[in-house]
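Q: attaching a predicted model along with its sequence, questions to come.
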Amino acid sequence: MSAAPGADGRHVLVLGGSSEIALAIVRELQARTPRQVALAGRDATALGDAAERLRAAGCHVVSTLQLDALDLASHERVLEQAFVQLGGVDVVILAVGVLGERGGLPADVDAAIGVLQANLVGAGSLLMRTARRMRDRGGGTIVVLSSVAAERPRRANVVYGASKAGLDSLAQGLADDLRESHVHMLVVRPGFVATKMTRGLDPAPLATTPQAVAAAVLDGLDRDASTVWVPRALRWVMLVMRHLPRALFRRISQ
């Protein structure tokens, strides 16, 4: 492999295999050319359902693996299984994440620590281990599902925003370091996405869908982009938000 395959890689590994956004990305990839897919995640039932949906979308080779983001000691073993099972991996979609308690200082600190461990430590472990494998193989593509919340964490979602900010920074830094190794990192920053994770929450302005995120991801891969915002208007909204004086920014309650 002499260059990152972008959207053309045939062997796809999804870390966080029941993610609705990740599955929408796989379906968009499959619509272009047949893919072999491995779904790695914690919930065996959800993985089985996700695999069936992908088969119905035309992915005839779909396998599942058990993966717990919090079980750091298992990460290397599960990744080895996935790479062997697929005969190598061209595209990895990192979709590990939990929302957790919304608001500022959490009422349940232990649960909040669990969010940080899953979204930053667990996801970061998987990202670094995957990137090392791809570098050693000669290249590949990694799609990291971050969030607009990573840009400037808000009081309305402190812990989730902080966890995504950490993962986003790690991915951006690794992207620059690995570029000459033909490992392409695409960081995806969607706003509010209507999924099972956000069910019951009031949609934020510029809310989007998994399908729209998937289309933006493929466009980003085609353009060899490093970061995509979904919808694109969020890039300019957050440019303003990032430079708001703190006295004004802290008034934002949503």
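A: Yep, it's here.

Q: so what's residue 194 scoring on pLDDT?
A: On pLDDT, residue 194 comes in at 66.

Q: equivalent analysis for residue 37, please.
A: On pLDDT, residue 37 comes in at 97.

Q: can you report how many residues neighbour it?
A: 27 (other C-beta atoms under 10 Å). C-betas here are computed from N, CA, C, even on glycine.

Q: that one is in contact with residue 60, isn't it?
A: No. Using C-beta atoms under 8 Å, residue 37 is not in contact with residue 60, being 9.6 Å away.

Q: give me the nearest residue to residue 222, chain neighbours excluded.
A: In space, and not counting its chain neighbours, residue 222 is closest to residue 7: 6.1 Å by C-beta to C-beta, 6 or more residues apart in numbering.

Q: how much space is there between the one you found and residue 240?
A: Counting by C-beta to C-beta, to the nearest Å, the gap from residue 7 to residue 240 is 31 Å.

Q: the more surrounded of these two?
A: Using other C-beta under 10 Å, the more surrounded residue of residue 7 and residue 240 is residue 7, with 20 against 8.

Q: contacting residues for that one?
A: Counting by C-beta atoms under 8 Å, 6 or more residues apart in numbering, residue 7 makes contact with 29, 32, 91, 141, 218, 221, 222.

Q: same check, this time on residue 128
A: By C-beta under 8 Å, 6+ apart, the contact list for residue 128 reads 170, 174.

Q: surely it is in a helix?
A: Yes. The assignment for residue 128 is a helix, going by DSSP: H, G, I helix; E, B strand; the rest coil.

Q: just the pLDDT for it.
A: Reported pLDDT for residue 128: 98.

Q: from residue 151, how far off is it?
A: Distance, residue 128 to residue 151, using C-beta to C-beta: 22 Å.

Q: kindly report the same for residue 38.
A: Taking C-beta to C-beta, one finds residue 38 at 31 Å from residue 151.

Q: which one of the two is surrounded by more residues?
A: residue 38 (24 against 21).

Q: quick one: the strands in this protein?
A: 11-15, 36-41, 61-66, 91-94, 140-145, 183-190, 227-230 (DSSP state E).

Q: mind putting the ones you listed in CSV, distance to residue 196 included?
A: As requested, those are arranged in CSV below (distance: least, C-beta to C-beta, whole Å):
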stretch, distance to residue 196
strand 11-15, 16
strand 36-41, 14
strand 61-66, 18
strand 91-94, 17
strand 140-145, 15
strand 183-190, 15
strand 227-230, 18
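
Q: between these, which gets nearest to residue 170?
A: strand 140-145 (8.7 Å; C-beta to C-beta).

Q: ok now the closest one, how far from the chain's centre?
A: With C-alpha atoms, centre = their mean, to the nearest Å as the basis, strand 140-145 stands 8 Å off its chain's centre.

Q: report all helices and strands that it contacts.
A: helix 20-32, strand 91-94, helix 123-137, helix 158-178, strand 183-190, helix 210-222 (3 or more C-beta pairs under 8 Å, 6 or more residues apart in numbering; DSSP states H and E).

Q: shaky segments in the chain?
A: For the chain, the stretches with pLDDT under 70 are 1-5, 194, 198-204, 243-244, 249, 252-254.

Q: so for it, the centremost residue is which one?
A: Of all residues in the chain, the one closest to the mean position by C-alpha atoms, centre = their mean is residue 145, 2.3 Å from it.

Q: what distance do you get for that residue to residue 104?
A: Distance from residue 145 to residue 104, by C-beta to C-beta: 24 Å.

Q: what sits closest to residue 220 if chain neighbours are left out?
A: residue 228 (3.9 Å).

Q: what's near enough to touch that neighbour?
A: Residues in contact with residue 228 (C-beta under 8 Å, 6+ apart) are 186, 187, 188, 189, 216, 217, 219, 220.

Q: how close does it get to residue 19?
A: According to C-beta to C-beta, residue 228 and residue 19 sit 17 Å apart.

Q: how close does residue 77 get to residue 176?
A: Between residue 77 and residue 176 the computed distance is 29 Å (C-beta to C-beta).
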